[in-house]
Structure formats: structure tokens, C-alpha cells
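Colleague: 3D model of this:
(chains A and B)
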Protein chains: 2
Amino acid sequence: MKINAHIAGMPAGYLFSEIAAKVRAFEAQQPGEKVIPMGIGDVTQPLPASVAQAFIAAVQGMASREDFYGYGPVGGYPFLIEAIIQGDYAPRGVDLALEEVFISDGAKTDTSAIQELFAPDALIAVTDPVYPVYVDSNAMAGRLGRCVDGRWERLVTLPCTHESGFMPWLPRERVDVLYLCFPNNPTGAMLDHQQLKRLVDWAGERETLIIYDGAYRAYIADDTLPRSIYEVPGAREVAVECSSFSKTAGFTGVRCGYMVVPKGLKGRLPGGGRVSLNALWRRRLSSKSNGVSYPVQRAAQASCSPQGQAEIAENIALYRQNAAILLKALEGLGLEVQGGVHAPYLWLKAPGGMSGWELFDYLLNRARVAGTPGEGFGLCGAGCFRLTAFGSRENTILGAQRITDALRAL
Amino acid sequence: MKINAHIAGMPAGYLFSEIAAKVRAFEAQQPGEKVIPMGIGDVTQPLPASVAQAFIAAVQGMASREDFYGYGPVGGYPFLIEAIIQGDYAPRGVDLALEEVFISDGAKTDTSAIQELFAPDALIAVTDPVYPVYVDSNAMAGRLGRCVDGRWERLVTLPCTHESGFMPWLPRERVDVLYLCFPNNPTGAMLDHQQLKRLVDWAGERETLIIYDGAYRAYIADDTLPRSIYEVPGAREVAVECSSFSKTAGFTGVRCGYMVVPKGLKGRLPGGGRVSLNALWRRRLSSKSNGVSYPVQRAAQASCSPQGQAEIAENIALYRQNAAILLKALEGLGLEVQGGVHAPYLWLKAPGGMSGWELFDYLLNRARVAGTPGEGFGLCGAGCFRLTAFGSRENTILGAQRITDALRAL
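Modeller: Residues are numbered from 1 along each chain as shown, chains lettered A, B, ... in the order given. Next comes the predicted model:
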């Protein structure tokens, strides 16, 4: 059987699986106090009570003949889509039709699968550093060529560094697709309306598709900043937008997200004809998925209710205060830090010219804190390091203290 | 943006979405008595009580700090994998390691995604008729070329007809991958050990990978028939096996399945080197999925317990009796029928030289019963028709009567 050489040739394991394995190996060798996890962006607050209640009620219904649900509609239940439109979009002045929103089991699934709609030779651009899923999914499909010294032959990268203020440097060449994530993972950077408009206009002029990952938008602290790319005029013609309940309702283990594919969004066939991406995505989804668990969709719906939103706001406030605690500690050490204000991530320059991996090893051994080395997110991540604010308050305070002590001892 | 012409060029919508749309349109035009659904293979019995109980307990845990679970292990939780190995495999003498079983949100997801491991020019074979997902997923990836008059340029089809006794006619040419489904969807046919061994040996001699879909194996009435392909010696070196909780625990709306990828299974790189499919699948999964909802995995685990199995056995017995009722009615009409014994599907030849679509329209209008036209499953499905036994007992009896009356009136 002839296999896909592109998957076989992937340069390394998935970043977060590698880090989890390293931490497990360390803990096995060094019994005693546990490592504080600040590497993987996993939430720690339990499900909001009203969300759990709706979840349970749906399961109880499924155990009865009257409220049993089998296969659901391909793109998700209208009750959930309606709740998302009313909760996330209408208040920001964005009108969406039910058929423009597709429910999925998470933004990772959507952002890794959307590339199936692109031609095999579509040219892809990503920011650097970047969430590895955008790159890996295109690499596995063979769109990026080979990887030599951490650089993919056919991938355009847009450097985002402390020096450039984290605004992507746009490429000179035309690209077919540009992946963006704001608030950014891993850097925590955020764009304002004007900056985002520049990107949308740039994409519109070049017929470039933007995949906009808004999984962290609930963390935007300034209400004048754009929460959805569709707040920018013209974005409906250039952008797909993904989001998720993971970092709001605490769904990293429950699994639910959604993707907006506006009906006006078009791609080009080799012959030059234009085709609706919305229709293509629906076709792809109907052949490859039976949708998301019914009780999970009911739970996600409850998270959009006023009560759910109030409970979620408390969790987000807690994680935001964690970010502030970490930010203060890192700045107190005189480190260069980005993020931590509109995002649950902090992106710092490793001190003393250390590499990100050196800092990872140092903090794991000396502080028993696991972060993520910047190198895992791209070449421009070299010498950088990511910390997450999703821990418990106790762990965040303890972690900040341990990091401070360890770095002071350098 | 350059799009994937293979998805844009798909010949028709997904079969079951098309049928659902036709039934909805009919009901809107013809108000009155409801159409009895015997088209889509969707279960109707509620979740077993013990399964719902475990599901609810897991959600309750997720609402507490102590039993909250975030991101789970990539291939699924060991508690569920262990339950599957002990419940489905050990009793049949099949030993599997934990790392050989991967939990997913259903067999449709797995059988449509596994093709990502194949080379772009891998040659694919399917039975005809066939579950459309195997074909559609390879067609969308561009592996099948163009579709002309219902025939894909680069797809090898193995006819399975009433005349051939539904044993696949093996192709003369070497193929890279062969998809098999037994008990078969749509024909309801089943293979015995000797027949399955012939297929495994054939694949082993040719380095052909078998994707074995066993989603309906709980319906096998004769305990001497193979429930897993791994009961056949040599199958570990040639086969991936998929299964699902959909048609056992009633999970069509809950979403959980699994795929076995034995560690000994290898594919060939263009240079001739051999690579482990298990390692490739894990790499692919870690970059593209965050796994299955934790409470769903707990519910699936409960369905493997002795109490869960006893409750499931009652549901399966009910569906099996439904199949017997339908089989008796159809045979009473003198029709040629396959299936309905080891499978919840009945596959019949349309009477009087009707096409499957003609019989679909006739039964929808005259009997208010929705089946599935054989043409939707492939060229050899022409003039055939599929009925499912997953309805309630009342609907099955009523449907059988209505079909009998309508066909007698022909």
C-alpha cells in the first residue's frame, strides 16, 4: 500500500504531545512536588452550573423515547446556531444567516480541515510564530513541500516579533490563503480595527482567503477592539472565521466549536469559474461527519444564555487576573513580555540569550513549571517562551513565585 | 483563492442528505399522515439506562473541580479502550494493545479520514454497492479522477449482486486499498470465516490494505461467523478495522466510535521503505483532533459493562425482530431479498423492472414509506432498494403492511 509521504515525513511530533511527554518523563524521574502546567492552554475551572444542567437534561431526554435524538442536521442544530448568532454576532452588528454557521467539535478540527477545500498547489501564508495546526495540516496534505532546517519550501511566513510590534509583515507575493489568529496564540498580541482593516483590504485586493481564528476573543479587554473579523467592512467576501467554547465555557474536554463560512465567499476553479465555499464546506461535511453530540450542543447553547454568560464571565475574569499576576512578575524581572492583557497567553523573550528550549528545561528543573518553548511555534519563536494563565489561582501565584526565584538565581 | 476542484466537481449531494431533503419536501407538500422513515439507518430506541447514568455522572463530575477533565489523551481514554478490548476483542480470542485502538466520534469520521494516509495516486477498490463515504472521501482527495456516467476513472469496483451471492468478485489488478463492510451496508450480506480468509490472504499476497468496517457486527446472529477481521490469521498485517457505538448503544446522536490500527501494519514510501500506519495515524490525529467528549467516552464505557450489554441486547433483539417482520413481508410478495438476518438492512430487487428511484418515489407516494434507492450505492445497485429495521415496532409493522399493500396494487 502506497502511503502519504508527507505525513511520514513530518519533521517532529505534535508540539503539545511532545511537551506533555517531556513533563511526564520528568515527573517519573523526579518524584515529589508536582510540575505546574503552564505549557498547554488547557482550562481548569469546572463547567458552569447552568451549562452542566442543560447537558444533563439533554442526556436524560436521550434516555426517553420522546426526547431521543439520532443523527442531527449536518451543520449543527439551529437552536445552537441561533444562540451563537444572537450571542456572539448580533451584539457586534454582524448579521449572519443560519446556513453560514457550522457547528464542529472544536476549532482545531475546523482549522485543520478547512485546507481540504484548497487546491493542492494553493500557496499558504501564516504568521511566525503560529499555532502549529495551520502548518501541520497543510504540510500533511503535501501543500508545503519539504521541511529543511525548520523551513517549509512552499510556505510563506509573516514574521511577528517583539521588534515589529507583532503586526504581521505582509508578503510581497500573492498568496491564496492567510491564516490569522487574534487575540494571538502564542503571542497574546491583538489588532485594532484599523490594523485588521488593512489585512482585510489587502486580502480583498488579491483574492486571498483569510482563515480567522477567534478562539480567544472572549479575552479581549477593550470593547472597542474587533471581536469578529466581520466587524470590518468587506470581510464577508474574504474571510472564514472559527471559534470555540473551549476557552469560554471550559469545553477543552467537552468539545464544541463553530466556523462561519459566509455565503458570499468564493474560490476559483482551475478554469477560472467561481464557486461558493459555503456550498463546498457543506458538501465536505455531509460526506465526512455526522456532527456533534446532541447533549454537547445543548450544553453549548446553555453557555450562550444570560446565566451561562454571567458564569463564564467569572471564569474569564479569573484567568485574566492570573494573566495580570504573571505579567507583573515577568515585568518585575525586567523581561520583554507581550500578551497577558487581551489574551490568556504571555510571550516573553528568554533572558540572557537562552533558547526557548533551554528556558523550558531550566524552568522545568529549577521551578517545576512547564511552559512552551517558542521554537515550537516557528523560526521567529526562537529564544521566546509562552506561558498560559489557565491554571488555578493558587498554581498561578505559586508558579509566578517559582519562576521569579529561578530566574533571579540565573 | 484556488480551490480543490475535486470537491467542487462531486457529482451529487451526499446520498442521505438528498433523501432527507426529498422526504421533507414531500411532507411539506402532502400534509397528513407522516412518512415512515426506513431510508437512513438511524436508531430509534433511547439510550440504555446504565449508559445515560454514567453519561450524567461524568457531566456532574465536570461541574466540580475534582472531577473536571480538560484535553484528553490523543487516541482516547485508556478506560474506554480497555473496555472495548475486553468487551469486543478478548472474548473472540483477539489480543490488542491499548495503543492499537483509537477512539473517534464515529465510524464515518474514521472511514472518511483514513484515506489521508494513502498516497495521492494510491489505487482504491470498493464493493459495488457500497456505503458512499468510502468513495466520496477518496474522490474529494482527488484519488479517483473524474466521474463519468456514475463511473470514477480511477476506482476499482467489486460487484456484489444477488446473482453472485454478494461475495465480492476480486479484481485482477493489484490495488493499494480495499474497503470492506460486513455485515454489509447496504446489502445486509455476511461472509463466513473461509470467505473472509480468502480476502485476507489475497490482500496479504498483494500488499493491499483492507479497511474493514464492522459497524454492524453486533447484528451477526450466528456466533460462528467472524465478528472481527482479526479472527482471521494474518489480518493484523493487512487490515484496519472500524466500529461504532451508534448501532449498538444508540449513539447516532451521541457520537462515538473506534478504529483499530495494529502496530504491525505497514505501508510503503515512494522510495520503498516501510512505515507503521499506527504511528502515522497517531501523528495525524494529534495534529488534527482533540479527541472525543469526556462524558461521551464515559457513556461508551458504560455500554461495554455487563449491565450495558444486557440492555443493548434487548434493543438489538428488537431491531432484529423488525428485520424478520420486513423480511417475511417482502418474501411474501415474492421479491428477491438479501440481508435482514445478520444485519439491520434488507436489500431487495425492485419489482417489475422498476429502477430504485422509481420504487423510492412509488413507495413514498403510495405507502408513505421512505427507503433508499440502490442507485445511491453504486452502479450495481441499479434496480435495487434498501430498507432499514431501525424503526419502532409499530412503525415497522405499519410500514411492512403499507409496502405490501402498495406493491400488491402494482
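Colleague: Stretch A:291-311 spans what distance, first to last residue?
Modeller: Criterion Cα to Cα, to the nearest Å; first-to-last residue distance in stretch A:291-311 is 27 Å.
Colleague: Can you report the mean pLDDT over the residues of it?
Modeller: For stretch A:291-311, the mean per-residue pLDDT is 98.
Colleague: What are the buried residues along that stretch?
Modeller: Neighbour counts using 16 or more other Cβ atoms under 10 Å in any protein chain shown place A:291-305, A:308-309, A:311 of stretch A:291-311 among the buried residues. (Each C-beta comes from the backbone N, C-alpha and C, glycine too.)
Colleague: swap in stretch A:65-73?
Modeller: A:F68, A:Y69, A:G70, A:Y71, A:G72.
Colleague: Also within reach of chain B: list those from those residues.
Modeller: Filtering these for proximity to chain B (criterion: Cβ under 8 Å from any Cβ of the partner chain) leaves A:F68, A:Y69, A:G70, A:Y71, A:G72.
Colleague: Now do the same for the second one: its pLDDT.
Modeller: Pointing back at A:Y69 there. On pLDDT, A:Y69 comes in at 98.
Colleague: Between the ones next to chain B among the buried residues of stretch A:65-73, which sits nearest B:T208?
Modeller: A:Y71 (32.0 Å; Cβ to Cβ).
Colleague: helix, strand or coil for that closest one?
Modeller: Three-state assignment for A:Y71 (DSSP: H, G, I helix; E, B strand; the rest coil): coil.
Colleague: Run through the residues of the stretch 51-200 of chain A sitting next to chain B.
Modeller: Within reach of chain B by Cβ under 8 Å from any Cβ, the stretch 51-200 of chain A has these residues: A:51-52, A:55-56, A:59-60, A:62-65, A:68-72, A:74, A:105-106, A:108-109, A:112-113, A:116-122, A:132-133, A:136-137, A:140-142, A:176-177.
Colleague: now the residues you listed: which count as buried?
Modeller: Of those, these count as buried by 16+ other Cβ under 10 Å: A:51-52, A:55-56, A:59-60, A:62-63, A:68-72, A:74, A:105-106, A:108-109, A:112-113, A:116-119, A:122, A:132-133, A:136-137, A:140-142, A:176-177.
Colleague: Give me the contact list for stretch A:302-316.
Modeller: Residues from elsewhere that reach stretch A:302-316, judged by Cβ atoms under 8 Å, 6 or more residues apart in numbering or on different chains: A:43, A:45, A:48-51, A:53-55, A:80, A:83-84, A:86-88, A:218-219, A:245, A:248-251.
Colleague: can you give me the offset of that stretch from its chain's centre?
Modeller: Stretch A:302-316 sits 20 Å away from the centroid of its parent chain (Cα atoms, centre = their mean, to the nearest Å).
Colleague: what's the span of stretch A:132-148 from first residue to last?
Modeller: Start-to-end, stretch A:132-148 (Cα to Cα) is 16 Å.
Colleague: which stretches of the stretch 1-150 of chain A form helices?
Modeller: A:5-8, A:15-29, A:49-62, A:78-84, A:107-113, A:132-140 (DSSP state H, counting those that start in this stretch).
Colleague: will you turn those into JSON lines that also has mean pLDDT?
Modeller: Conversion of the helices of the stretch 1-150 of chain A to JSON lines gives the following (pLDDT from 0 to 100):
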{"stretch": "helix A:5-8", "mean pLDDT": "93"}
{"stretch": "helix A:15-29", "mean pLDDT": "89"}
{"stretch": "helix A:49-62", "mean pLDDT": "98"}
{"stretch": "helix A:78-84", "mean pLDDT": "98"}
{"stretch": "helix A:107-113", "mean pLDDT": "98"}
{"stretch": "helix A:132-140", "mean pLDDT": "97"}
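Colleague: Dump those to TSV, plus distance to A:C380.
Modeller: Listed next are the helices of the stretch 1-150 of chain A as TSV, based on distance: least, Cβ to Cβ, whole Å:
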stretch	distance to A:C380
helix A:5-8	24
helix A:15-29	15
helix A:49-62	38
helix A:78-84	33
helix A:107-113	20
helix A:132-140	13
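Colleague: What lies in contact with the helix or strand hosting A:Q194?
Modeller: Assigned by DSSP states H and E, A:Q194 falls within helix A:193-206. Under the contact criterion Cβ under 8 Å, 6+ apart, helix A:193-206 has outside partners A:167-168, A:170, A:174-175, A:178, A:180, A:182, A:191, A:208-210, A:224-226, A:229, A:231-235, A:237-239.
Colleague: Then stretch A:61-78?
Modeller: Residues contacting stretch A:61-78 (Cβ under 8 Å, 6+ apart): A:58, A:60, A:81, A:98-99, A:101-104, A:258, A:282, A:285-286, A:289-292, A:294-295, A:297, A:301, B:14, B:17, B:40, B:42-49, B:51-52, B:250, B:252-254.
Colleague: likewise stretch A:26-45?
Modeller: Contacts for stretch A:26-45 (Cβ under 8 Å, 6+ apart): A:16, A:19-20, A:23, A:185, A:246-247, A:250, A:252, A:315, A:318-319, A:344-345, A:364-365, A:367-372, A:386-388, A:390-392, A:395, A:398-399, A:402, B:65, B:68, B:70-71.
Colleague: Buried among the residues you listed? Make that a ChimeraX selection.
Modeller: In ChimeraX syntax, the buried subset of the contacts of stretch A:26-45 is picked out as below (16+ other Cβ under 10 Å):
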select /A:16,19,20,23,185,246,247,250,252,315,318,319,344,345,364,367,368,369,370,371,372,386,387,388,390,391,395,398,399,402 /B:68,70,71
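Colleague: tally of neighbours for the residue nearest to A:A329 when sequence neighbours are not counted?
Modeller: Among residues not flanking A:A329 along the chain, A:A400 sits closest, at 4.0 Å (Cβ to Cβ, 6 or more residues apart in numbering or on different chains). Neighbour count for A:A400, taken as other Cβ atoms under 10 Å in any protein chain shown: 23.
Colleague: avg pLDDT for the helix or strand containing A:A400?
Modeller: Per DSSP H and E: A:A400 is located in helix A:393-408. The average pLDDT within helix A:393-408 is 97.
Colleague: With just CA atoms, put it into CSV.
Modeller: Extracted in CSV, the C-alpha atoms of helix A:393-408 (Å, rounded to 0.1, in the frame of the first residue of the first chain):
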residue,chain,number,x,y,z
ARG,A,393,-5.2,30.9,41.2
GLU,A,394,-3.1,29.0,43.7
ASN,A,395,-0.9,27.5,41.0
THR,A,396,-0.6,30.8,39.2
ILE,A,397,0.7,32.5,42.3
LEU,A,398,3.0,29.7,43.1
GLY,A,399,4.2,29.4,39.5
ALA,A,400,4.9,33.1,39.3
GLN,A,401,6.9,32.9,42.6
ARG,A,402,8.9,29.9,41.5
ILE,A,403,9.7,31.4,38.1
THR,A,404,10.8,34.6,39.8
ASP,A,405,13.1,32.8,42.2
ALA,A,406,14.5,30.6,39.4
LEU,A,407,15.2,33.5,37.1
ARG,A,408,16.6,35.7,39.8
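Colleague: circling back: identify each buried residue in the helix holding A:Q194, please.
Modeller: A:Q195, A:L196, A:K197, A:L199, A:V200, A:W202, A:A203, A:G204, A:R206.
Colleague: Name the residues of the stretch 251-400 of chain A found near chain B, please.
Modeller: Counting by Cβ under 8 Å from any Cβ, the stretch 251-400 of chain A comes close to chain B at A:252-255, A:267-270, A:275, A:277, A:280, A:283-284, A:286-296, A:299.
Colleague: Helices of the stretch 251-400 of chain A, start to end?
Modeller: A:277-288, A:294-303, A:306-332, A:356-367, A:393-408.
Colleague: Any chance of these in JSON lines with distance to B:G32 as columns?
Modeller: Output for the helices of the stretch 251-400 of chain A, formatted as JSON lines (distance: least, Cβ to Cβ, whole Å):
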{"stretch": "helix A:277-288", "distance to B:G32": "29"}
{"stretch": "helix A:294-303", "distance to B:G32": "29"}
{"stretch": "helix A:306-332", "distance to B:G32": "40"}
{"stretch": "helix A:356-367", "distance to B:G32": "68"}
{"stretch": "helix A:393-408", "distance to B:G32": "61"}
